[in-house]
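A.B. asks: heads up, no residue letters with this:
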């Protein structure tokens, strides 16, 4: 067996904790450090913060710089935020420290259109550090982009593609239920949309990734957010939604090439969603439709990050994307 | 726009004709030559042989050697047979002529286990010629291996995977209907199985590809062929199957790791199949199931071959596989 890969977990929020728990049980990886700015987590053992049920002998530290310089890990799992303006400098610093990066930052999944400056800066930092950087997760990174792109491989012509993801938020984290507006009045929901507080980050990045892969030069992307209003009361572990209140959010992103509607992504996240699942369709020759049952947002995001690690570590230096890598898959840890 | 890629079609059977028709309408590819040993095809225009409805100004030639030496195409689409003992020397010769290869040879899709000698010879020839070789198609190459492997990317643990592909052969070629035994008695079908004439080639290669990707070291692969017997009469354009006669074939390949059943692939091809489709399932955490509607064997095999061309031409030299390449997808020809 090869030496286990040394990793640092950067960000001990919900995703970071899931990643740390996965790493802890994989013999091919060794968690050597963890970073989080939250004073309630600093100094505690990762096994405690991540509810692993046993200590890992690794404490959460507040600053990445000294930790990375002394530990020199092969790879950093990064999950501190969704926006490159916030987390871009962190990723650059990891590159400079010579570690590969797998990040759940949504804007990093395909930053070449909307955050081109950051894409170029991070790509340059990665090349200079001789490391590879990937932004991934279930969405963006898998369900509504990579899978859709993969499915077109069997088509001799494609006029348009669409993906619809329906998430039942009933069993998700309280923070997520609040984030999608569950329990708000429609008016309050609209105020939150105005304030930019309901948006799922990353849908436009999925649009960009699909369009780039399929060679469509989009002239316009429409991004819309609307409430899903409860028809009947819904009760979750964390809150109660009355009929007429907001159960969650329906966000759509539509990409146009001139007058041609090339792609349409629709994400519905609400409590009480009756038929959760992922539905992909290709308007092509042949036409193809795919339904996927069983994707779990947080769990699968952590899984993809961990599964991608060996592919990222083996890839040529630079900022990469899920479509540029070989097929990222689960792999038996002892192999 | 870039210069179109020059291609030669090697093998003008059903798949080769579909590929030639696709290439003929793509502005990013230019068909410069075609090869087939069949005296009924030699000397005829490719547009005629492939029923394109117009001549392409390219004649079918009987020998690849002189043609490749004079034309020096960037890539050869190869579809002359299923077995490496037959077609391996052809592929080696194309490599020596300095052309990349995308082949529908089923045994080439993942030859490292069952045809390791050929895998090494072709890999060496490709590296020496500075070209890349890929074996692909809908199956093996996509539906029962690549898609299954891709889906595991979202799982944090995988205990086993399975794929079931049900093909309604009613509208397929006469040769295919005969090949799957449609219209035979069960006794005659068993004789054909004994003679090795009913087998779909490539299912064990799909098993090998999945096991290699997921890191399972299989200790045994069971390969079984059984008739699907018609419950009621079925009539196709080409033949009639009475109740009690064979409607087609059910082939299964099961891969074991010790006592653990790691993967199970089941391919049913028969006339009158009521629910054609592809059904993938991952026994994992989370468990995932996928259903795909719309894959057409021949059309999608030709599509994948053409879609893979630009990825193969850009890959490092050697024998590659679908999982090693970036995500092969359809791409707008003008891009």
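C.D. replies: Structure's in. What do you need? Just so it is clear, the model here is predicted, and its values are computed rather than measured. Residues are numbered from 1 along each chain as shown, chains lettered A, B, ... in the order given.
A.B. asks: Closest to the centroid, which residue in chain A?
C.D. replies: Compute the mean C-alpha point of chain A, and by CA atoms, centre = their mean the closest residue is residue A:137, 3.1 Å away.
A.B. asks: What sits closest to it if chain neighbours are left out?
C.D. replies: Distance criterion CB to CB, 6 or more residues apart in numbering or on different chains; nearest residue to residue A:137, sequence neighbours excluded, is residue A:301 at 4.0 Å. Where you see a C-beta, it was placed from the backbone N, CA and C, and this is true even at glycine.
A.B. asks: next helix or strand past whatever helix or strand the one you found lives in?
C.D. replies: Assignment of secondary structure by DSSP states H and E places residue A:301 within helix A:297-314. Past helix A:297-314, further along toward the C-terminus, the next helix or strand under DSSP H and E is strand A:318-320.
A.B. asks: Is chain B within reach of that following strand?
C.D. replies: No. Using CB under 8 Å from any CB of the partner chain as the criterion, no contacts between strand A:318-320 and chain B are found, and the smallest distance is 9.4 Å.
A.B. asks: Return the set of buried residues in the helix or strand encompassing residue A:178.
C.D. replies: When elements are assigned from DSSP H and E, residue A:178 belongs to helix A:174-179. Judged by neighbour count (16 or more other CB atoms under 10 Å in any protein chain shown), helix A:174-179 contains these buried residues: A:176, A:177, A:178, A:179.
A.B. asks: Now tabulate those residues in TSV and tack on pLDDT and distance to residue A:293.
C.D. replies: Below are those laid out as TSV (pLDDT from 0 to 100; distance: CB to CB, whole Å):
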residue	pLDDT	distance to residue A:293
A:176	83	20
A:177	90	22
A:178	88	27
A:179	86	24
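A.B. asks: so can I have JSON lines of these showing distance to chain B?
C.D. replies: JSON lines is the format used below for these (distance: CB to the nearest CB, whole Å):
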{"residue": "A:176", "distance to chain B": "17"}
{"residue": "A:177", "distance to chain B": "20"}
{"residue": "A:178", "distance to chain B": "24"}
{"residue": "A:179", "distance to chain B": "22"}
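A.B. asks: burial count for the closest residue to chain B within the stretch 1-150 of chain A?
C.D. replies: Among residues of the stretch 1-150 of chain A, the one nearest chain B by CB to the nearest CB turns out to be residue A:149. It sits 4.7 Å away. Look at residue A:149: counted by other CB atoms under 10 Å in any protein chain shown, it has 22 neighbours.
A.B. asks: Equivalent analysis for residue A:17, please.
C.D. replies: Per other CB under 10 Å, the neighbour tally for residue A:17 reads 23.
A.B. asks: got a list of what residue A:203 touches?
C.D. replies: For residue A:203, the residues meeting the contact criterion (CB atoms under 8 Å, 6 or more residues apart in numbering or on different chains) are A:140, A:144, A:223, A:251, A:252, A:253, A:265, A:267.
A.B. asks: three-state assignment of the residue of the stretch 1-150 of chain A closest to chain B?
C.D. replies: In the three-state summary, residue A:149 is assigned as helix, counting by DSSP: H, G, I helix; E, B strand; the rest coil.
A.B. asks: thought it was touching residue A:327?
C.D. replies: No. Assessed by CB atoms under 8 Å, residue A:149 is found out of contact with residue A:327, at 11.9 Å.
A.B. asks: Touching both of these two, which residues are there?
C.D. replies: Shared contacts of residue A:149 and residue A:327, counting by CB under 8 Å, 6+ apart, come down to residue B:327.
A.B. asks: any residues touching the helix or strand of chain A with the lowest mean pLDDT, and which ones?
C.D. replies: The element with the least model confidence among the helices and strands of chain A, by mean pLDDT, DSSP states H and E, is helix A:174-179, at a mean of 86. Counting contacts by CB under 8 Å, 6+ apart, the residues outside helix A:174-179 that touch it are A:14, A:169, A:183, A:197, A:198, A:236, A:237, A:238, A:239, A:248, A:269, A:271.
A.B. asks: Buried among the residues you listed? Make that a ChimeraX selection.
C.D. replies: A single ChimeraX command suffices to select whichever of the contacts of helix A:174-179 are buried according to 16+ other CB under 10 Å:
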select /A:14,169,183,198,236,238,248,269,271
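A.B. asks: Take the contacts of helix A:174-179 and keep only those in helices.
C.D. replies: Taking DSSP state H, the ones among the contacts of helix A:174-179 that sit in helices are residue A:14.
A.B. asks: Just the contacts of helix A:174-179: which are in strands?
C.D. replies: Counted as lying in strands by DSSP state E, out of the contacts of helix A:174-179, are A:248, A:269.
A.B. asks: Which one of the contacts of helix A:174-179 is nearest to chain B?
C.D. replies: residue A:14 (14.5 Å).
A.B. asks: Hmm, that closest one is touching residue A:173, no?
C.D. replies: Yes. A contact is recorded between residue A:14 and residue A:173 when judged using CB under 8 Å, the distance being 6.1 Å.
A.B. asks: tell me, what's touching those two both at once?
C.D. replies: When CB under 8 Å, 6+ apart defines a contact, the residues bordering residue A:14 and residue A:173 alike are residue A:298.
A.B. asks: which residues sit against stretch A:123-132?
C.D. replies: Residues lying outside stretch A:123-132 but in contact with it, judged by CB under 8 Å, 6+ apart, are A:91-92, A:94-101, A:133, A:312-313, A:315-320.
A.B. asks: Which of those are buried, as a PyMOL select command?
C.D. replies: Those of the contacts of stretch A:123-132 that meet the burial criterion (16+ other CB under 10 Å) are gathered into one PyMOL selection, given here:
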select buried, chain A and resi 91+92+94+95+96+97+99+100+101+133+312+313+315+317+318+319+320
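A.B. asks: Show the subsequent helix or strand relative to the least confident helix or strand of chain A.
C.D. replies: Scanning forward in sequence from helix A:174-179 by DSSP H and E, the next helix or strand is helix A:186-194.
A.B. asks: Give the rounded mean pLDDT of stretch A:26-39.
C.D. replies: Averaged across stretch A:26-39, the pLDDT comes to 97.
A.B. asks: ok so, going back, compute the distance between the residue nearest to the centre of chain A and residue A:151, please.
C.D. replies: Shown here: residue A:137 relative to residue A:151, a distance of 19 Å by CB to CB, to the nearest Å.
A.B. asks: what's the answer for residue A:299, then?
C.D. replies: 23 Å.
A.B. asks: more crowded one of the two?
C.D. replies: Each of residue A:299 and residue A:151 has its neighbours counted (other CB under 10 Å); residue A:151 has more, 27 against 18.
A.B. asks: pLDDT value on the more buried one, please?
C.D. replies: The predicted structure scores residue A:151 at 97 on the pLDDT scale.
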